[in-house]
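1. attaching a predicted model along with its sequence, questions to come.
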2 protein chains.
Amino acid sequence: MTSKEKIGKLTLVGAGPGDPELITWKGIKALATADVVLYDALVHPDLLHHAPAARKVHVGKRAGKASTMQEEIHRLMVHHALQGAHVVRLKGGDPFVFARGREELDQAERYGIPTAVVPGISSVQLAGYYGIPLTLRGVSESFWVVTATTQSGGLSSDLLHVAASTATAVILMGLGKVGEIMRVYRELGKGHLPVAIISRGSLPEGRVVWSSVDQIEELLQTEPVAAPGIILVGEAVAPHAVAVLEPQLAHYGAE
Amino acid sequence: MTSKEKIGKLTLVGAGPGDPELITWKGIKALATADVVLYDALVHPDLLHHAPAARKVHVGKRAGKASTMQEEIHRLMVHHALQGAHVVRLKGGDPFVFARGREELDQAERYGIPTAVVPGISSVQLAGYYGIPLTLRGVSESFWVVTATTQSGGLSSDLLHVAASTATAVILMGLGKVGEIMRVYRELGKGHLPVAIISRGSLPEGRVVWSSVDQIEELLQTEPVAAPGIILVGEAVAPHAVAVLEPQLAHYGAE
């Protein structure tokens, strides 16, 4: 399929939140026709088996070198696609939910490389995976997705607005800032609000920690949670809604 | 696998936003072991082929009879699962994004029926499918998902807060209320904001209509859009970000 005469293509594929079975069928098909796969650190290694013939390149970002690595990803994408390869950029979660998917498409399009996007299950959807509603009629009728950490490293200013609203907050990349985030809620007199943290969701070791704005920090001292994780805050996520769900479909069955 | 002696199970499966290839591999596996599939109106018929041996029951809600139909869905779920069946509830999009997934789990758990959730690609993620960013560094650093229509039929009061914020608005079930929604933005002096409407996204007939708060209504008079659709409003969705993407992976290829 690769030839020097014709240009290749770039497909951004969402790998899903952890469990390798949460990739889409379209994503599997894209991998099956890939010549080159550029994959992130959070991508489950089993997913690479869908691309047996492809060259696989780990492009996970290392702390402090994110911008250099993003340039290198752009360079590799363009280099291989211009040689006729079908390049699959396999990204954790969904390629367009806080994931710089647009930048990667822009880069390819600048060189006339055809592009497509195959969405992935986002970590936002891990709430549903564990049976936690993001909306509850008459209580919280919308949800607001925000990343805790901005490029400058500080807390996102949007968080103050999220906390002041009645929307359920879905906070990504916030595990290292739980104290700061909860302070924002407490200063608004919302210390009673339920909080759920989903750690390594959809993986076998995935778990949910339930608490409240006032108590979550103390709880995390005895029950630390591993990244990646998402933080949910709002009336809708109240513990009445907890379900004990099997994390893997394979473990199913009624005794 | 079904027997009168043991209880079955219920799996909520997200069918994705339209294209039948946007279901997850885990969802396909759940369908393959289903004895009964209860499917919504918006579910692509090809997905039912993954459950060749199952009894398939269309439970799409009819206008004005939604509550009756929801009770009937609950009854069918419980009835079949108590007889030992693996019941798959196949829902358009994601089962927990404005989709009453929690109510269906509650109903099953009341009868001691084991449950699980397989997330689906939500219509929210159609933005990325068409290359439209929901966030843009320094411009809009979060997105807020809201349904335009509340149970009472009126416009959601959350919409006013969404419009007043700097978050990108992702408005579901709003095609019949475009005029009301745009009025909210105009009253806040935000008539210049970019608007994108994605109609029947990820299906072959899917398309994106680009405009602004001030001009979208006039455009829709000559370019009507078909449901289902989502409305995106915010600086991040500006037309500079348009990509011409193939709607079907199968149509791919560099010439």
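-> Sure thing, it's come through. Numbers count the residues shown, from 1 in each chain, chains lettered A, B, ... in the order given.

2. contacts, neighbours, all on C-alpha from now
-> Noted.

3. avg pLDDT for stretch A:82-96?
-> The average of the pLDDT scores along stretch A:82-96 is 97.

4. how many other residues sit next to residue A:104?
-> 22 (other C-alpha atoms under 10 Å in any protein chain shown).

5. sec struct for it, please.
-> Using DSSP: H, G, I helix; E, B strand; the rest coil, the structure places residue A:104 in helix.

6. surely it touches residue A:74?
-> Yes. The criterion here is C-alpha atoms under 8 Å, and residue A:104 meets it with residue A:74 at 6.6 Å.

7. measure stretch A:10-22 end to end?
-> By C-alpha to C-alpha, to the nearest Å, the extent of stretch A:10-22 from end to end equals 21 Å.

8. gap between that stretch and the chain center?
-> In terms of C-alpha atoms, centre = their mean, to the nearest Å, the centre of stretch A:10-22 is found 10 Å from the chain centre.

9. over to stretch A:220-234?
-> With C-alpha atoms, centre = their mean, you get 15 Å for stretch A:220-234.

10. what does stretch A:15-32 give?
-> Worked out by C-alpha atoms, centre = their mean, stretch A:15-32 lies 13 Å from the chain centre.

11. wondering if that stretch reaches chain B at all.
-> Yes. Stretch A:15-32 comes into contact with chain B (C-alpha under 8 Å from any C-alpha of the partner chain), by way of A:21, A:22, A:23, A:24, A:25, A:26, A:30.

12. from those residues, which is closest to residue A:94?
-> residue A:23 (9.8 Å; C-alpha to C-alpha).

13. can you point out the buried residues in stretch A:160-174?
-> Within stretch A:160-174, the residues scored as buried using 16 or more other C-alpha atoms under 10 Å in any protein chain shown are A:161-163, A:165-174.

14. just the residues you listed: which are in strands?
-> In strands, judged by DSSP state E, the following of the buried residues of stretch A:160-174 are found: A:168, A:169, A:170, A:171, A:172.

15. so the closest residue in space to residue A:39 that isn't next to it in sequence: helix, strand or coil?
-> Distances taken as C-alpha to C-alpha, 6 or more residues apart in numbering or on different chains put residue A:90 closest to residue A:39, at 4.7 Å, once the chain neighbours are dropped. Three-state assignment for residue A:90 (three-state DSSP): strand.

16. which elements pack onto the lengthiest helix in chain A?
-> Longest helix of chain A, by residue count under DSSP state H: helix A:66-82. Judged by 3 or more C-alpha pairs under 8 Å, 6 or more residues apart in numbering or on different chains; DSSP states H and E, helix A:66-82 is in contact with strand A:9-14, strand A:36-39, strand A:86-91, helix A:101-110.

17. indicate which one of the ones you listed is closest to residue B:41.
-> Using C-alpha to C-alpha, the helices and strands packed on helix A:66-82 put strand A:9-14 closest to residue B:41, at 26.3 Å.

18. name the residues that touch that closest one?
-> With contacts defined as C-alpha atoms under 8 Å, 6 or more residues apart in numbering or on different chains, strand A:9-14 is touched by A:23, A:27, A:30, A:77, A:81, A:84-95, A:101, A:108, A:113-121, B:253-254.

19. if we use 7 Å, what do you get?
-> A:23, A:27, A:81, A:85-95, A:113-121, B:254 (C-alpha atoms under 7 Å, 6 or more residues apart in numbering or on different chains).

20. quick one: low-confidence ranges for the stretch 151-255 of chain A?
-> A:151, A:239-255 (pLDDT under 70).

21. if we can go back for a sec, just the buried members of the contacts of strand A:9-14?
-> A:23, A:27, A:81, A:85-95, A:113-121.

22. so which of the residues of stretch A:15-32 next to chain B sit within helices?
-> A:25, A:26, A:30.

23. hang on, the earlier thing: columns pLDDT on top of the residues of stretch A:15-32 next to chain B, output as a markdown table?
-> Output for the residues of stretch A:15-32 next to chain B, formatted as a markdown table (pLDDT from 0 to 100):
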| residue | pLDDT |
| --- | --- |
| A:21 | 98 |
| A:22 | 98 |
| A:23 | 98 |
| A:24 | 98 |
| A:25 | 98 |
| A:26 | 98 |
| A:30 | 98 |
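
24. residue B:211: which of those is nearest?
-> Of the residues of stretch A:15-32 next to chain B, the one sitting nearest to residue B:211 (C-alpha to C-alpha) turns out to be residue A:26, at 30.0 Å.

25. quick one, what contacts the spatially most central residue of chain A?
-> Geometric centre of chain A, nearest residue: residue A:93, 3.7 Å, by C-alpha atoms, centre = their mean. For residue A:93, the contacting residues are A:14, A:15, A:16, A:17, A:120, A:121, A:122, A:123, by C-alpha under 7 Å, 6+ apart.

26. recalculate using a threshold of 8 Å.
-> Residues in contact with residue A:93 (C-alpha under 8 Å, 6+ apart) are A:14, A:15, A:16, A:17, A:18, A:120, A:121, A:122, A:123.

27. for the spatially closest residue to the last one that is not a sequence neighbour, give me its contacts.
-> Spelled out, that is residue A:123. Nearest non-adjacent residue to residue A:123, counting by C-alpha to C-alpha, 6+ apart: residue A:17, 5.2 Å away. Applying C-alpha under 8 Å, 6+ apart to residue A:17 gives the contacts A:92, A:93, A:121, A:122, A:123, A:126, A:201, A:202.

28. mind putting those into TSV with secondary structure?
-> As requested, these are exported to TSV (three-state DSSP):
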residue	secondary structure
A:92	coil
A:93	strand
A:121	coil
A:122	coil
A:123	helix
A:126	helix
A:201	coil
A:202	coil
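
29. and of these, the nearest to chain B?
-> Chain B lies nearest to residue A:121 out of those, by C-alpha to the nearest C-alpha, at 5.8 Å.

30. give the contact list for the closest residue to the closest one other than its chain neighbours.
-> Nearest residue to residue A:121, sequence neighbours excluded (C-alpha to C-alpha, 6+ apart): residue A:16, at 4.5 Å. For residue A:16, the contact set (C-alpha under 8 Å, 6+ apart) comprises A:22, A:23, A:92, A:93, A:94, A:120, A:121, A:122, A:123.

31. hang on, the earlier thing: pull the most distant pair out of the buried residues of stretch A:160-174.
-> A:166 and A:173 (21.2 Å).
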